[in-house]
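Enquirer: Sequence and predicted structure below; questions after.
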There are 2 protein chains.
Amino acid sequence: MTVHFKQVTIVGVGLLGASFGMILKRRGLADRVVGVGRSPDNLKVAAQRGAIDAFEQDSATAVAGAELILLATPVDSYAAHLTAWKRVLKPGAIVSDVGSVKGALVARMEALLPGGVHFVGAHPVAGGETSGAGAAAPDLFAGALCLLTPTPNTDAGALETVRRVWDAAGAVVRVMDPFVHDRILGAVSHLPHVAAFALVNALTDLQAQTAEDGTLLDYAGSGWRDTTRIAASSPEMWRDICLENRDNLLRMIDALERRLQRFRGLIDDRDGAELEREITKARDARRTMTTAHDARRRLP
Amino acid sequence: MTVHFKQVTIVGVGLLGASFGMILKRRGLADRVVGVGRSPDNLKVAAQRGAIDAFEQDSATAVAGAELILLATPVDSYAAHLTAWKRVLKPGAIVSDVGSVKGALVARMEALLPGGVHFVGAHPVAGGETSGAGAAAPDLFAGALCLLTPTPNTDAGALETVRRVWDAAGAVVRVMDPFVHDRILGAVSHLPHVAAFALVNALTDLQAQTAEDGTLLDYAGSGWRDTTRIAASSPEMWRDICLENRDNLLRMIDALERRLQRFRGLIDDRDGAELEREITKARDARRTMTTAHDARRRLP
């Protein structure tokens, strides 16, 4: 069974929001898609590319008639939005999101909504270091995971509606507890981002120390490029993720530190045998990962 | 002016060695290419793919008549090879390599060669986590950097000959001091590898801590895949690189630690403004890198 909306409002028409709009329009899931954003230029691009039918700069006006509202702005902005919309949201409306952190945030959002309006936390694991409506694509979520994070308060019908929209987008939907979500994503996404940010900033420091050797980056190959690709992600978004998933991330940075210190110790001690074992452990684990990842991308 | 050899011997016919052989044969740079390796199966693949004309398991026999010998085995093996070849190498022969570390290694190799035989250190920055003759390709080095690392003892004619071979392979050749090489590659290649190894092993630790949440890797996206891709590299090769570039690498791991600790501190303190500045610094530096990298790949 498919799902259909008279009006959907997308708040934040960046890469994820605009791609979502393109899917709604192309698949005929919504009669009217309204976009809300700070940049008129980006909203115009979104309209030209068929992601939205109309746009507003005031979000309270834009969400008034919507049956589904998608929050696709940095998570730090959610509370202010929901507070401003309290009196205008339509009974039965569903507020969902695309944020990379869930945990306690979901319960905070539930508490800010009036009775009869439903919150459904969602996190499509897609996107990356590109941004803006200009980079949007209707197949962005095809084969990608979309994690839905209901709580005991979540309306079952609203959850099912959101699940159907993501099914229609071609995403592989999984349902999990919001706190489990943050432990998992902390490990496989947030920690690698912090590692990539730190690695790039370390290179800037090393460049300052070895200025007489020329520009280090002139010698960077594909290994460097791939390892640091995600460091080009949005600072505003990643600031919020770091702060929202603080406790998990502190513990996970400590785990990375311990492994880095182990490498340092083995190199310092010139312990070739143990060093080879540690690298073999990483290589074997990485190969298993590739298999798991590739298997999922082959799903319908 | 092109270069031509009656016989070239490639010691270690893996990804780099076999790709080099394919170039020599296809471009008509050598009448005969002899491969040396431990795995008969891999040598047969190299012969079938046109990378070598013949193969030997004993390297001293294989290098006896060669004008150019390419070392493409882990750097730890170089000294044993050169010692075994002392009495068989042809006067005027050139021994070169494809190793990822240079520094003091180059002078050690020079000292092991008999008079009239020349060492020219070379490092084509290509390859990665694939391996074996089956993965070789004649365009592997096209547009890639190849760093030549002469010392005051290096024969100018031998350096010029090696440069011409790499020119013919389509590589972008740069000449630099062996110690400068190790500082640069330590920063842009060796440190990212150690970071990727540590990150993968940290994830294995986090998996053990959060076993009840399921398999973390089932939720890994393209960010994780790219950030850790180079962790699937050869343990034997990377053990040697870590040990050979030990002093630079210890200093560089410390630089990464400091930046990681800075992130940890800012997250712990909930310092959103400073966190955003630190991430912006990384993002901007990473964007500059992309530009530098892409500019080089556009070279002829």
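Expert: Received, thanks. Numbers count the residues shown, from 1 in each chain, chains lettered A, B, ... in the order given.
Enquirer: any weak-confidence spans in the stretch 201-300 of chain A?
Expert: For the stretch 201-300 of chain A, the stretches flagged by pLDDT under 70 are A:290-300.
Enquirer: Name the residues of the stretch 51-200 of chain A found near chain B, please.
Expert: With the criterion set to CB under 8 Å from any CB of the partner chain, the stretch 51-200 of chain A comes near chain B through A:76, A:125-126, A:128, A:144-145, A:147, A:174, A:180, A:183-185, A:187-189, A:191-200. In short, each C-beta sits where N, CA and C put it, glycine included.
Enquirer: Out of the residues you listed, which sit inside strands?
Expert: A:145, A:147, A:174 (DSSP state E).
Enquirer: what about the last one, distance to residue A:122?
Expert: Relative to residue A:122, residue A:174 is positioned 11 Å away (CB to CB, to the nearest Å).
Enquirer: Now for those two: what residues contact both?
Expert: Common contacts of residue A:174 and residue A:122, defined by CB atoms under 8 Å, 6 or more residues apart in numbering or on different chains, comprise A:146, A:147, A:148.
Enquirer: What is the nearest of those to chain B?
Expert: Distance to chain B across these (CB to the nearest CB) is lowest for residue A:147, with 7.5 Å.
Enquirer: wait, that closest one sits on residue B:214?
Expert: No - assessed by CB atoms under 8 Å, residue A:147 is found out of contact with residue B:214, at 11.7 Å.
Enquirer: ok, back up a step: for ChimeraX, write the selection for the buried entries among the residues of the stretch 51-200 of chain A next to chain B.
Expert: Selection of buried members from those for ChimeraX, criterion 16 or more other CB atoms under 10 Å in any protein chain shown:
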select /A:76,125,126,128,144,145,147,174,180,183,184,185,187,188,189,191,192,193,194,195,196,197,198,199,200
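Enquirer: any residues touching stretch A:140-149, and which ones?
Expert: By CB under 8 Å, 6+ apart, stretch A:140-149 touches A:15-16, A:19-20, A:23, A:102, A:106, A:120-127, A:159, A:162-163, A:166, A:169-178, A:181, A:185, A:296-297, A:299, B:219, B:221.
Enquirer: taking those residues one by one, which sit in helices?
Expert: A:15-16, A:19-20, A:23, A:106, A:159, A:162-163, A:166, A:178, A:181, A:185, A:296-297 (DSSP state H).
Enquirer: For stretch A:124-140, measure first residue to last.
Expert: With CA to CA, to the nearest Å as the measure, stretch A:124-140 spans 10 Å from end to end.
Enquirer: Go through it and flag the buried ones.
Expert: Buried residues in stretch A:124-140, counting neighbours by 16+ other CB under 10 Å, are found at A:124, A:125, A:126, A:127, A:128, A:129, A:131, A:133, A:135, A:136, A:138, A:140.
Enquirer: Show the average pLDDT along it.
Expert: Averaged across stretch A:124-140, the pLDDT comes to 87.
Enquirer: Tell me how far it lies from the chain's centre.
Expert: 10 Å (CA atoms, centre = their mean, to the nearest Å).
Enquirer: My read is that residue A:15 contacts residue A:51, right?
Expert: No - using CB under 8 Å as the test, residue A:15 is too far from residue A:51 to be in contact (10.5 Å).
Enquirer: Who has more neighbours out of these two?
Expert: residue A:51 (27 against 24; other CB atoms under 10 Å in any protein chain shown).
Enquirer: now, among the buried residues of stretch A:124-140, which is nearest to residue B:86?
Expert: Using CB to CB, residue A:129 comes nearest to residue B:86 of the buried residues of stretch A:124-140, at 52.4 Å.
Enquirer: in the sheet, who's paired with residue A:69?
Expert: Beta bridges link residue A:69 to residue A:9, residue A:95, judged by DSSP bridges.
Enquirer: Domain ranges for chain A, per the record?
Expert: In the domain annotation for chain A, the residue ranges read A:5-176, A:180-269 (automatic domain parsing).
Enquirer: and those as JSON lines, adding distance to residue B:92?
Expert: Below are these laid out as JSON lines (distance: least, CB to CB, whole Å):
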{"stretch": "domain A:5-176", "distance to residue B:92": "51"}
{"stretch": "domain A:180-269", "distance to residue B:92": "32"}
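Enquirer: ok and the residue in the stretch 1-150 of chain A nearest chain B?
Expert: Residue of the stretch 1-150 of chain A nearest chain B, by CB to the nearest CB: residue A:125 (4.5 Å).
Enquirer: Now the residue at minimal distance from the centre of chain A: phi and psi?
Expert: Central residue of chain A (CA atoms, centre = their mean): residue A:100, 3.9 Å from the mean position. Backbone torsions for residue A:100, taken as degrees, to the nearest 10, come to phi -90, psi 0.
Enquirer: With adjacent residues omitted, what lies nearest to it?
Expert: In this structure, residue A:100 finds its nearest non-sequential neighbour in residue A:241, 5.2 Å apart by CB to CB, 6 or more residues apart in numbering or on different chains.
Enquirer: Now the common contact residues for residue A:15 and residue A:51.
Expert: With CB under 8 Å, 6+ apart, residue A:15 and residue A:51 have common neighbours A:133, A:136.
Enquirer: and residue A:158, what does it touch?
Expert: A:94, A:118, A:120.
Enquirer: I'd like these as TSV, with distance to residue A:226, pLDDT and neighbour count appended.
Expert: Converted to TSV, those look like this (distance: CB to CB, whole Å; pLDDT from 0 to 100; neighbours: other CB atoms under 10 Å in any protein chain shown):
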residue	distance to residue A:226	pLDDT	neighbour count
A:94	38	98	24
A:118	40	97	21
A:120	34	98	25
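Enquirer: Pipe those residues into TSV and attach distance to residue A:32 per row.
Expert: Formatted as TSV, those follow (distance: CB to CB, whole Å):
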residue	distance to residue A:32
A:94	16
A:118	20
A:120	21
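Enquirer: Now do residue A:111, the pLDDT please.
Expert: So residue A:111 comes in at 96 (pLDDT).
Enquirer: next one: the strand or helix carrying it to chain centre, how far?
Expert: Element membership of residue A:111 [criterion: DSSP states H and E] is helix A:104-112. Relative to its chain's centre, helix A:104-112 lies at 18 Å (CA atoms, centre = their mean).
Enquirer: Please list all residues in contact with residue A:62.
Expert: By CB under 8 Å, 6+ apart, the neighbours of residue A:62 are A:9, A:11, A:34, A:35, A:36, A:55, A:56.
Enquirer: Let's see which of those residues end up in helices.
Expert: Judged by DSSP H, helices contain none of the contacts of residue A:62.
Enquirer: Grab the two from those that are most spread out in space.
Expert: The most widely separated members of those are A:11 and A:55, with 10.8 Å between them, by CB to CB.
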